[in-house]
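1. Sequence and predicted structure are below.
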Amino acid sequence: NAGVIQTPRHKVTGKGQEATLWCEPISGHSAVFWYRQTIVQGLEFLTYFRNQAPIDDSGMPKERFSAQMPNQSHSTLKIQSTQPQDSAVYLCASSLRGGFAEQFFGPGTRLTVL
Amino acid sequence: QQKVQQSPESLIVPEGGMASLNCTSSDRNVDYFWWYRQHSGKSPKMLMSIFSNGEKEEGRFTVHLNKASLHTSLHIRDSQPSDSALYLCAASGNNAGAKLTFGGGTRLTVRP
């Protein structure tokens, strides 16, 4: 079991550029979550898919951020026109099912916007 | 204001000592509490979860929950230097689905 895989591990973009982050959940897990972590804000929920369908995107900034899960083996988080305040570690997690199942976190993608 | 508050922000205990960490939710719709541990440069890993009033013990770790006050605590006995990490409390509720709301964390340092 390779665990949750996230690529790239580090990404540096210039202000105004686009960033796409990838997540491969643990095989057999039906729920995928995106969080971001900063020193100031801590660990914040962004969005959640179950069986590839978007369930809750209440944490997503309404502009510039979007997430998709085109198949059961990967999800993407896209940030358009990146800003310095988007700099954070973006964490993907998966669980066997939604609800109250344990969430397993990937290693994260550290995004730095210059 | 964060809906999940943790205290203290940082804690130093001697090796072999007891570490006690606290967490309270201000959201009455919370049903489950989770404790995650995050070592420096690593991702969070779940330690324990609890949803019933009372106590749950796993090895050196004990979790308490008081649902009336929405307060949970994590106690680590015989603390080891390898326990030094950021401890994150998270809450989830039946009206929020699987979303975890995290507290700001307690940074534990165990001094040899």
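-> Alright, I've got the coordinates.
2. can we go C-alpha only for contacts and neighbour counts from here?
-> Will do.
3. SS state for the residue of chain B at minimum distance from chain A?
-> Residue nearest to chain A within chain B (C-alpha to the nearest C-alpha): residue B:98, separated by 4.5 Å. Three-state call for residue B:98 (DSSP: H, G, I helix; E, B strand; the rest coil): coil.
4. Please name the residues that touch residue B:85.
-> Counting by C-alpha atoms under 8 Å, 6 or more residues apart in numbering or on different chains, residue B:85 touches B:37, B:38, B:39, B:40, B:107, B:108, B:109.
5. nearest spatial neighbour of the residue of chain B closest to chain A, skipping sequence neighbours?
-> Spatial nearest neighbour of residue B:98, chain neighbours left out: residue A:99 (4.5 Å); criterion: C-alpha to C-alpha, 6 or more residues apart in numbering or on different chains.
6. and that neighbour, what pLDDT?
-> Here the pLDDT value assigned to residue A:99 is 74.
7. got it, and residue B:28?
-> The model's pLDDT for residue B:28 equals 86.
8. so where does the residue nearest the centre of chain A fall, helix or strand?
-> Centroid-nearest residue in chain A, with C-alpha atoms, centre = their mean: residue A:34, separated by 3.4 Å. Residue A:34 is part of strand A:31-38 when elements are defined by DSSP states H and E.
9. other SSEs contacting that strand?
-> If contacts are counted by 3 or more C-alpha pairs under 8 Å, 6 or more residues apart in numbering or on different chains; DSSP states H and E, strand A:31-38 sits against strand A:42-50, strand A:88-95.
10. Quick one: name whatever helix or strand follows the longest one.
-> Reading on from strand A:42-50 to the C-terminus, the next helix or strand found by DSSP H and E is strand A:53-56.
11. and the following helix or strand past that next one, how far from the chain's centre?
-> Later in the chain than strand A:53-56, the nearest helix or strand by DSSP H and E is strand A:65-71. In this view, strand A:65-71 has its centroid 9 Å away from the chain centroid, taken as C-alpha atoms, centre = their mean, to the nearest Å.
12. hmm, who's touching the helix or strand just after strand A:65-71?
-> Downstream of strand A:65-71, the next assigned helix or strand under DSSP H and E is strand A:74-79. Strand A:74-79 has contacts (C-alpha under 8 Å, 6+ apart) with A:18-25, A:32, A:64-69.
13. Of the residues you listed, just the buried ones, ChimeraX syntax please.
-> Buried residues within those, by 16 or more other C-alpha atoms under 10 Å in any protein chain shown, are selected in ChimeraX with:
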select /A:19,21,22,23,24,25,32,65,66,67,68,69
